[in-house]
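> Please find the sequence and the predicted model below.
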Amino acid sequence: MAAPRLRIIAVALALTLGGCRDGASADLAATERARQSGQSVRLEDGRTLFLRCAGRGSPTVLLESGYGATSQAWFAVQPALSRTTRVCAYDRAGMGFSDAGPDPRDGASIARDLDNALRTARIDGPFIVVGHSAGGLYARLFAARRPDDVQGLVLLDPTVERRAAPGRPDGLDGLRAVARECLAVAEQKPQPPLSDRRWANCVGANPDPWAAATARRPEAWRAQLSELDNLYGRTSEQVARIGGVLRAVPTYVITASDTAAAAPKYGFDNPRSALELQHEMLAGGSDQGSQQTVLSSHLIMIDRPDVVIRAAGEMVQAARAGRPPARLPPSEAGAADEAPFKTPEDATDPLAAPSPS
């Protein structure tokens, strides 16, 4: 597949490094404000994980970002949800303001980090877990660690587990090439300013502090490479072993029309997107699961924050009332067959939901 441009989500808070003295002071101030928006939670091995929580109430909504994204990916979702309950996003090991973690960075290690950080920070369940793209795999592994505490899953255009055949392409080589390119730039001494064209595939034109912190750290790119190398190996195997542990956990699976349209289609009279079919099967693994396709790019939380807020909000209300969540609305008419949804170039996500092999 063509290598997508690896860009961390750009937001209003701009950071321009290597400028004049006043600009550098503003950059430092912006970075300090970003750090103060959350807390660095120390894990048992001495590493810290950067956690950002807002709001009050139960259950707590946990936000698990997709590949290459930080806690800032949820800028359009977290403030709205935090008006009704506590909402926590975080930076995975090596990303944003979190310390690097030991290899391999597989799904079990990622879920264990989040579990330990929440316990250390004394953030107790119950939880509603929202996972985007590859974060959907990590969200399910976290839920399998805490099935009695997780009262709902919302999976946004989730990556579906599969085992790549040994020696066969897994479709991720384009992403690996970009990550290696960015790692090479990050390892340079002295390191070029982020305005340098060598960073073009690594960070947007006006990176926020989380993106800048990620781009400049070689360990961030090593962490991303390790996530990719394990995605269709150890991580998929770990998810496959969950079995029926999550059958009692209500689950929403929301599919993006763009990625559904790009996937192969199966059937003769009424061909269906293979991705939609996979997502329907994923939802069917829960006794209270449902699937919906919405008009959106892969970045549902950016293009359609209303969809995410509504789905997570319904899970919260259902948990509070002790009732099953309402089924998702019908798929938006002809969603998978529509022309590609248009999204700003600087919001392009690095890991679209993979097509089935």
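Alright, I've got the coordinates.
> Low-confidence bits of this protein, can you list those?
1-28, 333, 335-357 (pLDDT under 70).
> Tell me where the stretch 1-150 of the chain has helices.
Secondary structure of the stretch 1-150 of the chain by DSSP state H, counting those that start in this stretch: the helices cover 21-36, 78-81, 107-120, 135-145.
> what helix or strand is residue 224 on?
For residue 224, the element it lies in under DSSP states H and E is helix 218-230.
> quick revisit: how about the helices of the stretch 1-150 of the chain, which one is nearest residue 180?
helix 107-120 (21.1 Å; CB to CB). Every residue, glycine included, has its C-beta placed from N, CA and C.
> Can you give me the buried ones in the closest one?
Buried residues in helix 107-120, defined by neighbour count with 16 or more other CB atoms under 10 Å: 107, 108, 109, 110, 111, 112, 113, 114, 116, 117, 118.
> now swap in stretch 259-274 and tell me
259, 260, 261, 262, 263, 265, 273, 274.
> helices and strands around the helix or strand hosting the first one, which ones?
Looking back up the chat, that one is residue 259. Using DSSP H and E, residue 259 maps to helix 257-262. Packing partners of helix 257-262 (3 or more CB pairs under 8 Å, 6 or more residues apart in numbering; DSSP states H and E): helix 274-284, strand 289-294.
> Describe which strands the helix or strand following it pairs with in its sheet and in which direction.
On the C-terminal side of helix 257-262, the nearest following helix or strand under DSSP H and E is strand 265-266. Partners of strand 265-266 in the sheet, by DSSP bridges, are strand 272-273 (antiparallel).
> before we move on, the earlier item: and the helix holding residue 259, how far out from the chain middle?
18 Å (CA atoms, centre = their mean, to the nearest Å).
> ditto for stretch 261-278
Distance, centroid of stretch 261-278 to centroid of chain: 24 Å (CA atoms, centre = their mean).
> That stretch spans what distance, first to last residue?
Start-to-end span of stretch 261-278 (CA to CA, to the nearest Å) is 13 Å.
> List the buried residues for stretch 324-333?
325, 328, 331, 332.
> Pipe those into a markdown table and attach secondary structure per row.
Shown next, in a markdown table, are these (DSSP: H, G, I helix; E, B strand; the rest coil):
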| residue | secondary structure |
| --- | --- |
| 325 | coil |
| 328 | coil |
| 331 | coil |
| 332 | coil |
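> Quick check: residue 230 touching residue 104?
Yes: in this structure, residue 230 is within contact of residue 104 by CB atoms under 8 Å, at 5.2 Å.
> Quick check on those two: which one has the bigger neighbour count.
Between residue 230 and residue 104, residue 230 has the larger neighbour count (other CB atoms under 10 Å), namely 21 against 15.
> and the residue lying closest to that one once chain neighbours are set aside, backbone torsions?
Excluding its sequence neighbours, the residue lying closest to residue 230 (CB to CB, 6 or more residues apart in numbering) is residue 106, at 4.0 Å. As for residue 106, its main-chain torsions (degrees, to the nearest 10) stand at phi -90, psi 180.
> How many residues are close by residue 106?
Neighbour tally, residue 106, other CB under 10 Å: 23.
> List the contacts of it.
226, 227, 230, 233, 234, 235, 238 (CB atoms under 8 Å, 6 or more residues apart in numbering).
> Now do the helix holding residue 224: everything it contacts.
If you take CB under 8 Å, 6+ apart as the criterion, helix 218-230 is touched by 67-68, 92-95, 100-101, 103-107, 110, 134, 172, 175-176, 179-180, 182-183, 186-187, 213-214, 235.
> what's the answer for stretch 91-105, then?
Contacts for stretch 91-105 (CB under 8 Å, 6+ apart): 34-35, 38, 40, 45, 47-50, 65, 69-72, 90, 109-110, 113, 210, 213-214, 217, 219-220, 222-224, 226-227, 229-230, 234.
> Just the buried residues of the residues you listed.
34-35, 38, 47-50, 65, 69-72, 90, 109-110, 113, 210, 213-214, 217, 219-220, 222-224, 226-227, 229-230, 234.
> how much space is there between residue 87 and residue 81?
As defined by CB to CB, to the nearest Å, residue 87 lies at a distance of 5 Å from residue 81.
> hey, what's in contact with both of those two?
With CB under 8 Å, 6+ apart as the test, residue 87 and residue 81 both reach 55, 61.
> ok, these two, which is more surrounded?
Higher neighbour count among residue 87 and residue 81: residue 87, with 27 against 23, using other CB under 10 Å.
> neighbours around the spatially closest residue to residue 35 that is not a sequence neighbour, how many?
Spatial nearest neighbour of residue 35, excluding adjacent residues (CB to CB, 6+ apart): residue 97 at 6.0 Å. For residue 97, the neighbour count with other CB under 10 Å is 24.
> Right, I'll leave it there.
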